[in-house]
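1. kindly return the folded structure for what I paste below:
(one chain, ligands or ions: 2)
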Amino acid sequence: MNDTHESLDGLRFDNSYLRELPADPDPDNCRRQVFGACHSRVEPEPVPDPQLVAASGEVMELLGLAPSAVEDPRFSQVFGGNTLLDGMEPYASCYGGHQFGNWAGQLGDGRAISLGEALGKGGLRWELQLKGAGPTPYSRRADGRAVLRSSIREFLCSEAMHHLGVPTTRALSLVTTGQGIWRDMLYDGNPAEEPGAVVCRVAPSFIRFGNFQIFASRKESEPLRALADHTLRRHFPGLGQPGPAAYVAMFEEVCQRTALMIAHWMRVGFVHGVMNTDNMSILGLTIDFGPYGWLDNFDPDWTPNTTDARNRRYRFGFQPRIAHWNLTRLAEAFVDLVGDVGALEKALDGYVTAINKHHWDMTMAKLGLTGTKRDPGDEALAEDMIALMVAQETDMTLFYRGLAEVDTHGEPDLSDEDLTAPLVDALYDPNVLALGHREALAGWLRRYAQRTRSEGLPQGQRRQQMNAVNPLYVMRNYLAQLAIDKSEQGDHSMVRELLDVMRNPYTHQPGRHQYAKKRPDWARARPGCSMLSCSS
Ligand code: AMP
Ligand code: MG
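-> Ligands and ions are numbered 1, 2, ... in the order given. Modelled structure (predicted):
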């Protein structure tokens, strides 16, 4: 079972979610409210011409598939939604959620169809889920499909996040469907036909906060308990037999994992964009890559999501607080299971402690201050750095990479110009240097250099440590958009190239300088680069 399969027929399935949880008795695939059930059986709707654009070698390996398995002519048929392999039993999940702070009732997999749980390498279980595979009972007023542009963004970003060391769902494949679909991308009354695509997402499970919330909101205690027991047994083994104590332990673990995930988002400059509770994974994985974005210039108030432009609920700097709000909504769904509100509140406090600790540790690591020694001035040092980045548009990614190059040992003898030289490339407008910003930067760097020297690390080692936590290549919005522009013209080379670049985000890759460059001016206000809607 654990060896590598040359053929897709080697995949084995054990569909525990389907088997262990209450099913929707109605086989009718029409849009409706589904009560008392975790899932509805539904077949992917065939597409005219599925063509494989790219596959992730690492995910193939997880599944125990040899690289040659992509040569199988059925690959694009299966992962485009036209064919099922033996053992696949497709279904859509029922969940609800708070959207932008308001309870939205039933949502569910409106365009995601799970094929089953593959048993991969080491017997690990991987749910395979097609996104954009056609309508389900949860499709509400939408078509169940996904456009190529959003599919490229999800495919590339999930793999990029993994290689960055951020907990995330994965993506096996990206397949174009040969079918046009209509979208009003900017919601301005100008719909256009766009190419459709299907991404096969992969995760131990796609269970969300909202899967629990929907039952709690409807006072359906039996399916709620069944879901909690299933999640506990399958995904949190070791927390004990199902019962109030184990449910509390599971909630604590969700809080802890969520804290770690969010801290990583803050470390790499990722803005999810739609942190609704239906987009929060119970496993603490980054899930549902929609109008996400990456910080180019460091701005805690930035959100890529135009739908959220007014309130900026999901802006970069607010993500830790929103996660707490979302966890509180999950806690409410756990109250009936657990009975002990105090225990849940304690777990929520644990989230706050954990996110603060992770965030601080990661901030120090980004600065190369990883020694055990703590300095009372560290907090002010970090805060002043942030203030400098915000004061003049500064590329977050390039700033930290540049910081690793600063000659902290030679600092006392260096001119301001020489000291700040490694940071110049991170500035969006280098003219600000002549307007006092050089002195401000140099002043901060001298404090930083002094503090760094107190750690006693050789420069080379400091650089190496910093570059291991500060990526050089991130899935910049404009890079994804360039790849999309080409793909929409039928040239998928850049999608494949970016997939490869993002496999080693911390390592300088000769000849790939263009993927580490800050946002060009043309991308500042272009839709897809800095402004994304939920239309996908
Ligand atoms: P999202 O904003 O992507 O998290 O989606 C919120 C809800 O809308 C989920 O229930 C999705 O399954 C559903 N949804 C989004 N797009 C579509 C679509 N094109 N067809 C059907 N359902 C969709
Ligand atoms: Mg979603």
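
2. now do the same contact list for the residue in the stretch 251-400 of the chain that ligand 2 sits nearest to.
-> Residue of the stretch 251-400 of the chain nearest ligand 2, by Cβ to the ion: Asp288 (3.9 Å). No exception for glycine: its C-beta is placed from N, CA and C like everyone else's. Asp288 is in contact with 274, 278-279, counting by Cβ atoms under 8 Å, 6 or more residues apart in numbering.

3. so it, which state does it fall into?
-> Three-state assignment for Asp288 (DSSP: H, G, I helix; E, B strand; the rest coil): coil.

4. and what of Glu117?
-> Glu117 ends up strand, using three-state DSSP.

5. does it touch Gln129 like I think?
-> No: counting by Cβ atoms under 8 Å, Glu117 stays clear of Gln129, with 10.2 Å between them.

6. any weak-confidence spans in the stretch 251-400 of the chain?
-> By pLDDT under 70, the stretch 251-400 of the chain has no low-scoring segment.

7. show me what from it comes close to ligand 1.
-> 274, 278-279, 288, 290 (Cβ under 6 Å from any ligand atom).

8. and of those residues, the nearest to Ala216?
-> Asp278 (13.6 Å; Cβ to Cβ).

9. quick check: which element contains the closest residue to that closest one other than its chain neighbours?
-> Nearest-residue entry for Asp278: Gly97, 2.8 Å, with adjacent residues in sequence omitted and distances by Cβ to Cβ, 6 or more residues apart in numbering. Element membership of Gly97 [criterion: DSSP states H and E] is strand 96-99.

10. with Gln464 instead?
-> If you go by DSSP H and E, Gln464 is part of helix 459-467.

11. if we can go back for a sec, wait, doesn't the residue nearest to Asp278 sit right on Ile287?
-> No: with contact defined as Cβ under 8 Å, Gly97 does not reach Ile287; the gap is 11.9 Å.

12. which of these two has more neighbours?
-> Gly97 (25 against 22; other Cβ atoms under 10 Å).

13. now for the more buried one: which residues touch it?
-> 103-104, 107, 208-210, 213, 276-279.

14. please, a ChimeraX command that selects the buried ones among those?
-> Selecting only the buried entries of the contacts of Gly97 in ChimeraX, with 16 or more other Cβ atoms under 10 Å as the criterion:
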select :107,208,209,210,213,276,277,278,279
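
15. can I get the contacts of Gly97 in a markdown table including secondary structure?
-> A markdown table is the format used below for these (three-state DSSP):
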| residue | secondary structure |
| --- | --- |
| Trp103 | strand |
| Ala104 | strand |
| Leu107 | coil |
| Arg208 | strand |
| Phe209 | helix |
| Gly210 | helix |
| Gln213 | helix |
| Asn276 | coil |
| Thr277 | helix |
| Asp278 | helix |
| Asn279 | helix |
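
16. roughly how far does Asp184 sit from ligand 2?
-> 19 Å (Cβ to the ion, to the nearest Å).

17. and the residue nearest to that residue when sequence neighbours are not counted, how many residues sit next to it?
-> Leaving aside its sequence neighbours, Asp184 sits nearest to Pro191 (Cβ to Cβ, 6+ apart; 4.2 Å). Pro191 has 14 neighbours, counted by other Cβ under 10 Å.

18. with Gly196 instead?
-> Gly196: 23 neighbours (other Cβ under 10 Å).

19. just checking, it touches Thr177?
-> Yes: counting by Cβ under 8 Å, Gly196 does reach Thr177; the two are 4.2 Å apart.

20. now do the shared contacts for those two.
-> With Cβ under 8 Å, 6+ apart, Gly196 and Thr177 have common neighbours 47, 132, 145.

21. the spatially closest residue to the second one that is not a sequence neighbour: neighbour count?
-> Right, the one you point to is Gly132. Once flanking residues are discounted, Gly132 sits nearest to Ala146: 3.0 Å by Cβ to Cβ, 6+ apart. By other Cβ under 10 Å, 24 other residues sit near Ala146.

22. hmm, Ala112 and Ala146 touching each other?
-> No: counting by Cβ under 8 Å, Ala146 sits too far from Ala112 to count as a contact (9.1 Å).

23. now do the contacts for Ile355.
-> Neighbour list for Ile355: 259, 262-263, 320, 323-324 [criterion: Cβ under 8 Å, 6+ apart].

24. please read the previous query as pertaining to Thr394.
-> Contacts of Thr394 (Cβ under 8 Å, 6+ apart): 297-298, 388, 423, 426-428.

25. from those residues, pick the one nearest Pro237.
-> Phe298 (40.3 Å).

26. correct me, but that closest one touches Met396?
-> Yes: with contact defined as Cβ under 8 Å, Phe298 reaches Met396; the gap is 4.1 Å.

27. please, where are all the strands along the stretch 1-150 of the chain?
-> 39-41, 51-55, 91-93, 96-99, 102-106, 112-119, 125-131, 146-147 (DSSP state E, counting those that start in this stretch).

28. please produce CSV containing those, extended by mean pLDDT and distance to Arg267.
-> Below are the strands of the stretch 1-150 of the chain laid out as CSV (pLDDT from 0 to 100; distance: least, Cβ to Cβ, whole Å):
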stretch, mean pLDDT, distance to Arg267
strand 39-41, 98, 35
strand 51-55, 98, 27
strand 91-93, 98, 30
strand 96-99, 98, 26
strand 102-106, 98, 30
strand 112-119, 98, 28
strand 125-131, 98, 26
strand 146-147, 98, 29
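
29. most packed of the ones you listed?
-> strand 91-93 (a mean of 27; mean count of other Cβ atoms under 10 Å).

30. domain assignment for the protein?
-> 8-206, 221-366, 371-536 (automatic domain parsing).

31. what about the shortest one, how long is it end to end?
-> So that's domain 221-366. Across domain 221-366, the terminal residues are separated by 45 Å (Cα to Cα, to the nearest Å).

32. how far out from the middle of the chain is that domain?
-> Computed by Cα atoms, centre = their mean, to the nearest Å, the separation of domain 221-366 from the middle of its chain amounts to 12 Å.

33. residue of the stretch 1-150 of the chain nearest ligand 2, please.
-> Leu107 (7.2 Å).

34. list the contacts of that residue.
-> 95-97, 99, 138, 140, 210, 278.
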